[in-house]
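>>> below are the sequence and a predicted model for it; my questions follow.
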Amino acid sequence: MRLQKDSEPWDGFVLPVSIPDPSTRTRIVLIVGAGIAGIASALALAHELKPHEPNLQITIFERHEVLSTSGGAINLTPVAQRHLDRLGVLSELDRQGADGGADVDSIELFSSRSGRSLGSIDFTDGNGNGVNGYKGRRVMRIVLSLAMLSVVERHPNMRIVYGKKLAGVSESPDGQTVLHFEDSTSATGDLVLGCDGVHSALRTSYVDPSRPSEYTGLSFLQTTIDTPPPPPLKSHSARNSTSRPSTSNSTLGSAHSYSIRSLRKSPSLSTHTSSSTPNISLDPSSPCSQLPTMRPPPFKSTGLALSRHGDLLGSYCDRSHSTLFLAAIVQINESLLSRYRIDTSPSASSASSSPSQYLTPSHVDETRRRLAIQAALQGEIHSRFSHAGHPWIRDVANLKTNWMLYPVYQVRPGGRWSRGKVILLGDAAHAMPPRDESAAYALDDAIMFSRILAHHRDESLPEVFARYEAVRRAAVEEAFSEAGRMWNTHRDMGFLEGRWKEWTMPWVLWKNRGARNAAWTFDAYDV
Ligand SMILES: Cc1cc2nc3c(=O)[nH]c(=O)nc-3n(C[C@H](O)[C@H](O)[C@H](O)COP(=O)(O)OP(=O)(O)OC[C@H]3O[C@@H](n4cnc5c(N)ncnc54)[C@H](O)[C@@H]3O)c2cc1C
């Protein structure tokens, strides 16, 4: 994979028109967005379509110049892990050793008021075996991104171009779709995949301008904290004990290997450049604090404490359980978002962290602003959770750490997913409130679309898109309603409603158990 920021052969003119014979034609696929959907689509297309079209060329355009370490940790469900395994990503994660993520056997729910267990969302059967061999895994987003990029590097027909922010789309007189980027370059291909996330420019400027993203009313307040070194763990593999063991050496493997702790702490790693790897920007507000007095959490790997003032998730995100990811899911008024928001985009981070001999007035103002925001967010956490009955939650509420705000947006179901040669995948098509499995939906999209395209490669794109939507819409719309129902339970509520939420939660978990298991055994490769 080459990283390019300057002019490219495809800049400003139309690439060759495809030749009808599938075995010799050069199909040019353009993907907008190097997130989970974008990279998974590239890898799935390479697996499914390349055997039939050896000249397939895939270019992914990513708006950021560099990767950011902000974003916290993500939970991968059994089905997400299985898909990532098929795409070759799981072995890359395992090569990261401890940083490759923590096993999650279950998410343990408990009352923040009384500490009473309210049940669990299980990623294993009664014998501790993962669903179809895969458990859950919580991993830092940056580690997952780097693992996916390592796999991209192995494909000579694939490349990622950074610093290409899509600004608009047009159709040329001969019917081609032209992508226009903010730097005034453009690209033309035979197929465009819109994987540019919840605020998708492809959706809002071209495919379906009638569906803007909307704030759900709830936000994540996130941080990660270092924990005291735990006693050595016995056996810890992301999959069952029958799966191959993971290496524990975090410096093994690809150029992307590193330790999350050292990455957060070592300024010398603040830029990570080579001809084949992206730059990494350290979020200067990247939370990291020591916990001299904090009690151990009341869960094995992941717990969710329910309260009527929002819910608090705690989850280890590395295999050695030395880093704990904390996320409060709370109702925050939309009018406060701009006041609470710290720009964690890599460009903002590198600007504010750039070494400078003198502090300019704007640096001082920015630092004051950040400190004020962090004090406000700490106050928000404190006011919501410091009266909890459970002592661990009170410890969290009193933490002196940097909380970051991540407002959660969604894209209403329905509407168009495709137009002309463009199709939307992942959050760009159907961002739903997170319930720990949206990434799996992005992976499903990538795999299912690639398989349908490969199977019907001689049909027109509108026909292929229609086939894909026919098998995908209903499942996505059902998942969206279910996610919305669960998401509502995080809202602020009165005393009685709060008690009702606690009392009924075991029943809700029991009732949804079948649907959850079905979701985790779903196989996009069956399509
Ligand atoms: C706070 C929060 C917590 C979550 N936790 C979980 C979880 O634990 N488990 C889970 O499964 N899911 C979780 N999700 C949902 C999950 O993150 C998304 O469903 C998933 O990331 C979708 O992947 P995507 O590739 O479609 O979009 P994204 O991951 O958003 O990727 C979009 C990519 O497109 C790029 N891009 C955007 N605009 C442009 C442009 N104009 N030009 C070029 N590039 C562009 C972006 O920079 C980005 O790289 C969470 C979501 C939120 C908000």
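Okay, I see it. Numbers count the residues shown, from 1 in each chain.

>>> residues of the stretch 151-300 of the chain that sit close to the ligand?
For the stretch 151-300 of the chain, the residues in contact with the ligand (C-beta under 6 Å from any ligand atom) are 164-166, 195-197, 201, 220. For the C-beta atoms, the positions are set from N, CA and C on the backbone; glycine is no exception.

>>> which one of the residues in the stretch 51-200 of the chain is closest to the ligand?
Closest residue of the stretch 51-200 of the chain to the ligand, C-beta to the nearest ligand atom: G197 (2.9 Å).

>>> what about that residue, how many residues nearby?
G197: 24 surrounding residues under other C-beta atoms under 10 Å.

>>> ok, and the closest non-adjacent residue to it?
D427 (4.8 Å; C-beta to C-beta, 6 or more residues apart in numbering).

>>> check I74 too.
The nearest residue in space to I74 (C-beta to C-beta, 6+ apart) is R141, at 5.3 Å.

>>> quick one: residues contacting the residue in the chain that the ligand sits nearest to.
Going by C-beta to the nearest ligand atom, the ligand is nearest to G35 of the chain, at 2.0 Å. Each residue near G35 by C-beta atoms under 8 Å, 6 or more residues apart in numbering is listed here: 195-197, 426-427, 442.

>>> how about E108?
117, 120, 298-300, 302-304.

>>> sorry, back to before: just the pLDDT at the residue nearest to G197, thanks.
pLDDT for D427: 96.

>>> ok, back up a step: phi, psi for the residue nearest to I74 please.
phi -60, psi -40 (degrees, to the nearest 10).

>>> quick one: the helices in this protein?
Taking DSSP state H, the helices of the chain run over residues 36-48, 78-86, 89-95, 141-153, 201-202, 260-265, 334-340, 346-353, 361-385, 391-397, 427-430, 438-455, 461-488, 495-521.

>>> as a markdown table, those with mean neighbour count would be great.
A markdown table is the format used below for the helices of the chain (neighbours: other C-beta atoms under 10 Å):
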| stretch | mean neighbour count |
| --- | --- |
| helix 36-48 | 26 |
| helix 78-86 | 25 |
| helix 89-95 | 23 |
| helix 141-153 | 23 |
| helix 201-202 | 24 |
| helix 260-265 | 18 |
| helix 334-340 | 12 |
| helix 346-353 | 18 |
| helix 361-385 | 15 |
| helix 391-397 | 20 |
| helix 427-430 | 30 |
| helix 438-455 | 25 |
| helix 461-488 | 16 |
| helix 495-521 | 14 |
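
>>> need these in a markdown table (columns: distance to T188).
Below are the helices of the chain laid out as a markdown table (distance: least, C-beta to C-beta, whole Å):
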| stretch | distance to T188 |
| --- | --- |
| helix 36-48 | 18 |
| helix 78-86 | 30 |
| helix 89-95 | 30 |
| helix 141-153 | 22 |
| helix 201-202 | 15 |
| helix 260-265 | 38 |
| helix 334-340 | 37 |
| helix 346-353 | 27 |
| helix 361-385 | 40 |
| helix 391-397 | 51 |
| helix 427-430 | 20 |
| helix 438-455 | 19 |
| helix 461-488 | 14 |
| helix 495-521 | 38 |
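
>>> give me the pLDDT for the residue nearest to I74.
95.

>>> please look at it and G72 and confirm they touch.
Yes - contact criterion C-beta atoms under 8 Å: R141 and G72 qualify, at 6.5 Å.

>>> how far away is L45 from I142?
Per C-beta to C-beta, to the nearest Å, L45 is found 24 Å from I142.

>>> swap in L67?
6 Å.

>>> now, the most widely separated pair of the contacts of G35?
By the measure C-beta to C-beta, D196 and A442 form the most distant pair in the contacts of G35, at 11.9 Å.

>>> up against the ligand, what does the stretch 351-500 of the chain have?
406, 408, 426-428, 434, 436-440, 442.

>>> any idea how far A466 is from the residue nearest to I74?
From R141 to A466 the distance is 34 Å (C-beta to C-beta).

>>> what's the burial count for G100?
27.

>>> my read: it touches S91, true?
No - applying C-beta under 8 Å as the test, G100 and S91 come out as separate, 9.7 Å apart.

>>> pretty sure V411 sits against R203.
Yes - at 7.4 Å, V411 and R203 qualify as touching, with contact defined as C-beta under 8 Å.

>>> quick check: neighbours shared by these two?
By C-beta under 8 Å, 6+ apart, the residues touching both V411 and R203 are 211, 428-429.

>>> closest to N488 among those?
Ranked by distance to N488 (C-beta to C-beta), the shared contacts of V411 and R203 are led by R211 at 20.9 Å.

>>> for the nearest residue to the closest one once chain neighbours are set aside, what are its contacts?
Counting by C-beta to C-beta, 6+ apart, G415 is the residue found nearest to R211 once chain neighbours are left out, at 4.4 Å. Shown in contact with G415 (C-beta under 8 Å, 6+ apart): 208, 210-211.
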